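*Asks:* Sequence first, then the predicted structure, then my questions.
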Amino acid sequence: MGRMIDRRQDTGPAPYDDLTPEHLLDAIETTGLRPDGRLLALNSYENRVYQVWQDDGPVVVAKFYRPGRWSDAQILEEHAFALELAAHEVPVVAPLELAGHTLANHRGFRLAVYPRRGGRAPELDDPAVLRWIGRFLGRLHLVGAASGFATRETLGVTELGDESRATLLAGDWIPPDLLPAWRSVADMAIDAAHAAFQRAGDVRTLRLHGDCHAGNILWTDDGPHFVDLDDARTGPAIQDLWMLLSGDRFEMAAQLREVLAGYETFYRFDRRELALVEALRTLRLLHYSAWIARRWGDPAFPAAFPWFGTGRYWQDRVLELKEQVAAMSEEALVVE
């Protein structure tokens, strides 16, 4: 049985209520483009992203940033990083500079326009594909290590773990009968994540893609290209590698060996970071639930995640975190 979620946190207008089709087209026109009226909404919850046809020009992709999430300075750092990577021939989809700028603002909505790039999901069970992706990630990190972000967030236990727990405990998100169990295992998981970072030691941090899962890698016959730097931040290199891995420990070690065979052609990987794989997975799981909670006032979220308030969902989260506590107690992956 589901339960009604307390929506006391959801007062006020939803973030995209005023982004009507008319305003959307007007905003795109402020960049100097001339849309012909045809739009296709793409599958994005955090932002609003549309494929846009023009009267006389190629199809482009317009991204409307979620109000209040990033400052202009943070978005411009994302854009500058993407353009820097593209200038070094790292295959990323960087924003277009239109009317002298990469970021436009119309009626309170910030937007950027990107070239449309096709592709398919990479075949991560193919060692050659893993090596190829590894080479490009090594090049991405070589550029990322050359300087730092001034305003974008840092990836760590406090940001993704402690703050996520605080968000979920502050609202009426977890069924009362499951709250003690969830709180207890969340505390254990976050403590174990802190301990994993302590074991890893003072590993180097650098500018990252930040959300490098298979959905953000598009594959063509010419190889991969990376999309969606919306979560670019400072953190350890392993953050951009671990989401490529799946299966048991033996399988993950074999996959990572192939990734690093390509990666270390361009950038050295610190094996101490292997202690962070399960900790980072744990933090991502906690952050995912908190992300849905923080966005519940956006009508797209209750429609897309109707199971969020159910007992079954939170039972699964308790079991998931227990598994992660056990995984973090095991020895780190070993990759020669």
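*Replies:* That came through, no problem.

*Asks:* And for the residue nearest to residue 228 when sequence neighbours are not counted, the neighbour number?
*Replies:* Spatially, and ignoring its direct neighbours in sequence, residue 228 is nearest to residue 216 (4.8 Å; CB to CB, 6 or more residues apart in numbering). To be clear about C-beta, it is placed using only N, CA and C from the backbone, and glycine gets the same treatment. By other CB atoms under 10 Å, 18 other residues sit near residue 216.

*Asks:* Return the residues in contact with residue 216.
*Replies:* 209, 226, 227, 228 (CB atoms under 8 Å, 6 or more residues apart in numbering).

*Asks:* Okay, and which of those map to strands?
*Replies:* residue 226 (DSSP state E).

*Asks:* And the furthest pair within the contacts of residue 216?
*Replies:* Greatest spatial distance in these: 209 and 227, 9.5 Å, computed using CB to CB.

*Asks:* more crowded one of these two?
*Replies:* The residue with more neighbours, out of residue 209 and residue 227, is residue 209; 27 against 19, by other CB under 10 Å.

*Asks:* Name the nearest residue to the more buried one, sequence neighbours excluded.
*Replies:* Leaving aside its sequence neighbours, residue 209 sits nearest to residue 240 (CB to CB, 6+ apart; 5.1 Å).

*Asks:* That neighbour is in contact with residue 212, isn't it?
*Replies:* Yes. With contact defined as CB atoms under 8 Å, residue 240 counts as touching residue 212 (4.2 Å).

*Asks:* any residues in contact with both of the two?
*Replies:* Common neighbours of residue 240 and residue 212 (CB under 8 Å, 6+ apart) are residue 137.

*Asks:* residues touching the closest residue to residue 167 other than its chain neighbours, list them.
*Replies:* Spatially, and ignoring its direct neighbours in sequence, residue 167 is nearest to residue 290 (4.3 Å; CB to CB, 6+ apart). By CB under 8 Å, 6+ apart, residue 290 lies in contact with 163, 164, 165, 167, 168.

*Asks:* Filter the residues you listed down to just the ones in helices.
*Replies:* Residues of the contacts of residue 290 located in helices (DSSP state H): 163, 164, 165, 167, 168.

*Asks:* Tell me how many other residues crowd the last one.
*Replies:* Which is residue 168. 22.

*Asks:* measure it to residue 32 for me?
*Replies:* As judged by CB to CB, to the nearest Å, residue 168 and residue 32 stand 43 Å apart.

*Asks:* repeat for the first one
*Replies:* Computed as CB to CB, the residue 163 to residue 32 distance reads 39 Å.

*Asks:* next one: the fourth one
*Replies:* Going from residue 167 to residue 32 by CB to CB gives 40 Å.

*Asks:* More neighbours: those two, which one.
*Replies:* residue 167 (18 against 13).

*Asks:* got a list of what residue 300 touches?
*Replies:* 16, 45.

*Asks:* got any ranges where the stretch 1-150 of the chain has weak pLDDT?
*Replies:* 1-13 (pLDDT under 70).

*Asks:* now do 90
*Replies:* Within the stretch 1-150 of the chain, the stretches with pLDDT under 90 are 1-15, 17-18, 43-44, 56, 99, 118.

*Asks:* Quickly list what residue 218 is bridged to.
*Replies:* Beta-bridge partners recorded for residue 218 (DSSP bridges): residue 225.

*Asks:* Am I right that it is in contact with residue 227?
*Replies:* Yes. If you go by CB under 8 Å, residue 218 and residue 227 touch, sitting 6.1 Å apart.

*Asks:* Kindly report the domain assignment for the chain.
*Replies:* As given by automatic domain parsing, the domain ranges for the chain are 15-115, 127-329.

*Asks:* any idea which of these is most buried?
*Replies:* domain 127-329 (a mean of 18; mean count of other CB atoms under 10 Å).

*Asks:* Endpoint to endpoint, that one covers what distance?
*Replies:* End-to-end span of domain 127-329 (CA to CA, to the nearest Å): 29 Å.

*Asks:* same deal with stretch 206-214?
*Replies:* 21 Å.
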